[in-house]
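Q: No letters, just coordinates:
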Ligand SMILES: Nc1ncnc2c1ncn2[C@@H]1O[C@H](COP(=O)(O)OP(=O)(O)OP(=O)(O)O)[C@@H](O)[C@H]1O
């Protein structure tokens with residue numbers, strides 16, 4: 001299990017993560033969502049011991065990452081698929097990681113097969129496409145056959161077949177009882193992959209609940225009702241009947257009515273009593289994307305100046321959290337029912353790092369100073385790998401490898 005307790009990270013005046021507490025349990029895929037710059041990567045980096053929290057703690061199985069014995073065998077992660085020595089082949093790259101962790105070489109070939117890179121295993125990774133790089137990063141995460149896995153945007157750059165493969169892989173890993181924590185901006189994909197969600201905005205917890213609860217908590221199910229075309233008086237009669245019965249009725253562009261606040265059987269009965277014929281009465285559930293947009297409206301830092309959300313379905317009046325905040329809703333500053341209409345798309349690509357200096361690095365290594373008992377010589381398995389030196393030292397002879405599994 002992964003646990004964050006009061007996790008806080010400040011970079012100078014910037015608070016990237018504020019007082020974040022959550023648990024990621026084994027056996028389910030837990031999605032980690034939030035707008036650009038909301039602190040997802042920073043949180044993952046703290047979980048993996050790559051960034052030290054300003055306060056609070058992050059633990060895996062009750063211990064900070066850096067205190068885990070043989071961490072790569074317990075925790076696998078994909079943070080930055082580009083953090084690979086481009087001069088090495090895929091196989092060499094994985095072999096180096098394996099040797100450093102006492103993982104047998106045959107496991108390298110196994111994971112190359114799992115991610116579908118066996119045919120290009122001897123090619124230098126600098127020639128890899130984005131999707132191939134992602135597959136290599138996933139292979140590295142799986143190398144130690146770990147019980148806990150973290151993936152930061154694993155489907156980035158993958159083609160539809162690759163996306164489907166990642167989806168099935170995540171589910172399979174969770175079904176094996178592993179802890180799987182995965183961030184993504186692809187809501188449709190998350191809806192299909194994750195069972196549980198942790199949603200943050202501006203570094204704070206917004207929601208910690210199942211996908212199902214998240215959708216019903218942050219959007220209203222509604223009924224679509226159509227009366228016969230060419231009989232506007234029927235529609236008007238039904239609108240006032242449903243309104244008098246406590247429903248909220250909004251006319252849609254095609255002439256149908258969108259009704260919230262009344263169950264379908266009640267709508268049917270009311271229409272019958274009012275002697276109104278119905279051509280359609282159908283239930284509708286909002287998508288994860290709609291629910292996510294609804295919750296995170298107030299927590300978006302980066303917006304396009306062009307309204308790219310115009311293509312999304314507009315939420316009707318009264319579209320919000322019915323019955324108030326559910327259990328698990330953290331409600332820290334972004335209350336339910338925030339106006340959603342006409343806002344730009346928060347997914348507009350922005351790179352918060354674009355103009356920023358990279359994080360402080362340990363001398364010559366590219367990762368933070370080691371904790372006690374962790375020499376600089378042993379690279380952090382999920383940190384930036386040393387950039388290609390002009391001359392590479394001969395690969396260290398592997399320590400005698402014993403297959404602990
Ligand atoms: N090393 C750093 N120094 C200064 N600020 C940083 C550093 N790392 C992250 N930040 C800031 O912390 C905030 C959170 O960034 P982070 O990368 O964790 O967000 P994210 O949710 O992963 O974003 P995205 O979805 O765009 O990947 C941002 O405002 C970012 O600019």
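A: Okay, I see it. Quick caveat: nothing in here was measured; it's all calculated off a predicted structure.
Q: Where does the prediction get shaky in the stretch 201-350 of the chain?
A: Residues of the stretch 201-350 of the chain meeting the criterion pLDDT under 70: 299-350.
Q: show me where it has strands.
A: For the stretch 201-350 of the chain, strands defined by DSSP state E, counting those that start in this stretch occupy the ranges 204-210, 222-226, 248-251, 257-260, 280-284.
Q: how about the ones you listed in CSV, adding distance to the ligand?
A: For every residue, glycine as well, the C-beta is placed using N, CA and C. Putting those into CSV (distance: least, Cβ to the nearest ligand atom, whole Å) gives the following:
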stretch, distance to the ligand
strand 204-210, 12
strand 222-226, 30
strand 248-251, 33
strand 257-260, 32
strand 280-284, 30
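Q: can the ones you listed go into JSON lines with extra columns for distance to residue 29 and mean neighbour count?
A: Output for the strands of the stretch 201-350 of the chain, formatted as JSON lines (distance: least, Cβ to Cβ, whole Å; neighbours: other Cβ atoms under 10 Å):
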{"stretch": "strand 204-210", "distance to residue 29": "11", "mean neighbour count": "22"}
{"stretch": "strand 222-226", "distance to residue 29": "28", "mean neighbour count": "22"}
{"stretch": "strand 248-251", "distance to residue 29": "35", "mean neighbour count": "17"}
{"stretch": "strand 257-260", "distance to residue 29": "31", "mean neighbour count": "22"}
{"stretch": "strand 280-284", "distance to residue 29": "26", "mean neighbour count": "12"}
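Q: Quick one: the ones you listed as a markdown table, columns for distance to residue 94 too.
A: Output for the strands of the stretch 201-350 of the chain, formatted as a markdown table (distance: least, Cβ to Cβ, whole Å):
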| stretch | distance to residue 94 |
| --- | --- |
| strand 204-210 | 35 |
| strand 222-226 | 50 |
| strand 248-251 | 55 |
| strand 257-260 | 53 |
| strand 280-284 | 47 |
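Q: Of all these, which one is nearest residue 191?
A: Residue 191 sits nearest to strand 204-210 of all these, at 11.7 Å, using Cβ to Cβ.
Q: helices or strands next to the closest one in the packing?
A: strand 14-24, strand 196-201, helix 211-218, helix 288-296 (3 or more Cβ pairs under 8 Å, 6 or more residues apart in numbering; DSSP states H and E).
Q: which parts of the third one are buried?
A: Along helix 211-218, these residues count as buried under the neighbour rule (16 or more other Cβ atoms under 10 Å): 211, 213-218.
Q: repeat for the first one
A: For strand 14-24, the buried set under the neighbour-count rule, 16+ other Cβ under 10 Å, comprises 15-20, 22, 24.
Q: Spell out which two among those residues are the most distant pair, please.
A: 15 and 24 (22.2 Å).
Q: Which one of the strands of the stretch 201-350 of the chain lies nearest to residue 9?
A: The closest of those to residue 9 is strand 204-210. By Cβ to Cβ, the value is 12.1 Å.
Q: That closest one to helix 211-218, inter-axis angle?
A: 120 degrees (axes from the mean of the first three to the mean of the last three Cα atoms, to 10 degrees).
Q: what's the angle between strand 204-210 and strand 196-201?
A: Going by the same axes, to 10 degrees, strand 204-210 makes 160 degrees with strand 196-201.
Q: now strand 204-210, how far from the centre of its chain.
A: Mean C-alpha position of strand 204-210 versus that of the full chain (Cα atoms, centre = their mean, to the nearest Å) differs by 12 Å.
Q: ditto for stretch 123-138
A: Its chain's average C-alpha position is 21 Å from that of stretch 123-138, according to Cα atoms, centre = their mean.
Q: Other residues contacting it?
A: Contacting residues not belonging to stretch 123-138 are listed as 78, 80-90, 93-94, 115-117, 120, 151, 154-159, 162, 166, 169 [Cβ atoms under 8 Å, 6 or more residues apart in numbering].
Q: That'll do, ta.
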